[in-house]
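Visitor: quick check, what structure comes out for this input:
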Amino acid sequence: MTGNLYAAGVWPRPPALPRPVLSDQRWLDAVFLHWRIPEATAAAFMPDGVQPDVFDGSSWVGLIGFRMEQAALGRGPGIPYLGSFNEVNVRLYSREPDGTRGVVFLSLDADRLPVVLATRAAGIPYMWSRIRQWPPFPGYGGGRQHATGAAGTPGGQTGSAVGYSVRRLGATAARSSFGVIPQLHAAAADPLSIFLTARYGMHGRFYGRTIYVPNTHHEWPLFGAEVHQLSDGLVGAAGIGVSGPPESVLYSPGVRTRFGRPRVLETTG
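Guide: Just a heads-up that it's a prediction; the model follows:
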């Protein structure tokens, strides 16, 4: 069920991050597309001990693209080259019996092979793909703002499309191309937008056990957006069927986030 904070359209306070800090990352030029799906559909993908999180009587599946910049180990400096890459993921929304909310990733695509190999070894379902961000991220010294944690100036301007094109490498050659036109005059602070983006951790499986990896960040600076282009095969490749346009379309210039110590969920059965 939907919590009172979401119903009131208020961002929940991020929980304290368990030490030590494992990674410091910046997620930039984020595009969020979401569709309603039946709760029973989402339940089939939940790790043991968690259930689908529901808003307005439905579960939700998201297709999200963003630019990772300067990912670092611990509190150290950003890792050159390997710490900056494009990512596209398909995700569901989860909740523990005590109310702890998170996401469950069905797939994550990245265009850095060493990153894919390292994360797959840790049980995170990354896939190696060619990912093109459009317009291309200009890097340091360019016109876009780097996320610092507070609401910033979006990289695009109203009328300028922002998007991602993905082609998986290897045998599973699923593709996706999606982009939006941010409506920078329309800040998004409605309960659904907060429900989908105010997520401070991920649930996943690690060697047969369910884990929760916490993170913390300031509230996303969110803007409504219009679909500019959408031809997607990633959601279907993850085992979820959707039809029609996404019900929620959002853009954010980005946030800075930190990840803390994972914990194992105690489950029965």
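Visitor: what does stretch 259-269 contact?
Guide: Contact with stretch 259-269 is made by 17-23, 25, 47-50, 96, 203, 206, 209-216, as judged by CB atoms under 8 Å, 6 or more residues apart in numbering. Backbone N, C-alpha and C define where each C-beta goes, glycine included.
Visitor: can you map out the helices along the stretch 101-250 of the chain?
Guide: Counting by DSSP state H, counting those that start in this stretch, the stretch 101-250 of the chain has helices at residues 113-121, 191-197, 234-237.
Visitor: most tightly surrounded among those helices?
Guide: helix 191-197 (a mean of 22; mean count of other CB atoms under 10 Å).
Visitor: what's that one packed up against?
Guide: Counting contacts by 3 or more CB pairs under 8 Å, 6 or more residues apart in numbering; DSSP states H and E, helix 191-197 packs against helix 4-7, strand 23-37, strand 248-259.
Visitor: buried ones only from the contacts of stretch 259-269, please, as a ChimeraX command.
Guide: What follows is the ChimeraX syntax selecting those of the contacts of stretch 259-269 that are buried according to 16 or more other CB atoms under 10 Å:
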select :17,18,21,22,23,25,47,49,50,96,203,210,211,212,213,214,215,216
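Visitor: which one of the helices and strands packed on helix 191-197 lies nearest to residue 115?
Guide: strand 23-37 (11.7 Å; CB to CB).
Visitor: the helix or strand that the closest one is followed by - what's its average pLDDT?
Guide: Downstream of strand 23-37, the next assigned helix or strand under DSSP states H and E is helix 39-43. In this model, helix 39-43 has a mean pLDDT of 98.
Visitor: just the C-alpha atoms of helix 39-43, please, in CSV.
Guide: C-alpha atoms of helix 39-43 as CSV (Å, rounded to 0.1, in the frame of the first residue of the first chain):
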residue,chain,number,x,y,z
GLU,A,39,1.1,-6.9,-8.8
ALA,A,40,1.1,-10.6,-9.5
THR,A,41,3.4,-10.1,-12.5
ALA,A,42,6.0,-8.2,-10.3
ALA,A,43,5.7,-10.7,-7.5
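Visitor: which other helices and strands contact it?
Guide: strand 51-52, strand 59-73.
Visitor: could you dump the helices of the stretch 101-250 of the chain to CSV with distance to residue 13 and mean pLDDT?
Guide: Listed next are the helices of the stretch 101-250 of the chain as CSV, based on distance: least, CB to CB, whole Å; pLDDT from 0 to 100:
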stretch, distance to residue 13, mean pLDDT
helix 113-121, 29, 77
helix 191-197, 12, 96
helix 234-237, 31, 97
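Visitor: with distance to residue 167 added, can I get those in TSV?
Guide: Shown next, in TSV, are these (distance: least, CB to CB, whole Å):
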stretch	distance to residue 167
helix 113-121	14
helix 191-197	26
helix 234-237	11
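Visitor: picking up where we left off before, could you dump the helices and strands packed on helix 191-197 into a markdown table and include distance to residue 135?
Guide: Listed next are the helices and strands packed on helix 191-197 as a markdown table, based on distance: least, CB to CB, whole Å:
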| stretch | distance to residue 135 |
| --- | --- |
| helix 4-7 | 33 |
| strand 23-37 | 9 |
| strand 248-259 | 13 |
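Visitor: give me whichever of the ones you listed is most buried.
Guide: Using mean count of other CB under 10 Å, strand 248-259 ranks as the most buried of the helices and strands packed on helix 191-197, with a mean of 23.
Visitor: report the angle between it and strand 59-73.
Guide: 40 degrees (axes from the mean of the first three to the mean of the last three CA atoms, to 10 degrees).
Visitor: next SSE downstream of strand 248-259?
Guide: strand 263-264.
Visitor: can you give the strand pairings for that following strand, parallel or anti for each?
Guide: Paired strands of strand 263-264, with direction, are strand 209-217 (antiparallel) (DSSP bridges).
Visitor: now do the partner strand and strand 23-37, the angle between them.
Guide: 110 degrees.
Visitor: tell me the mean pLDDT for strand 209-217?
Guide: On average, strand 209-217 scores 95.
Visitor: what stretches of this structure score poorly on pLDDT?
Guide: 1-9, 76-81, 137-159, 171-172, 268-269 (pLDDT under 70).
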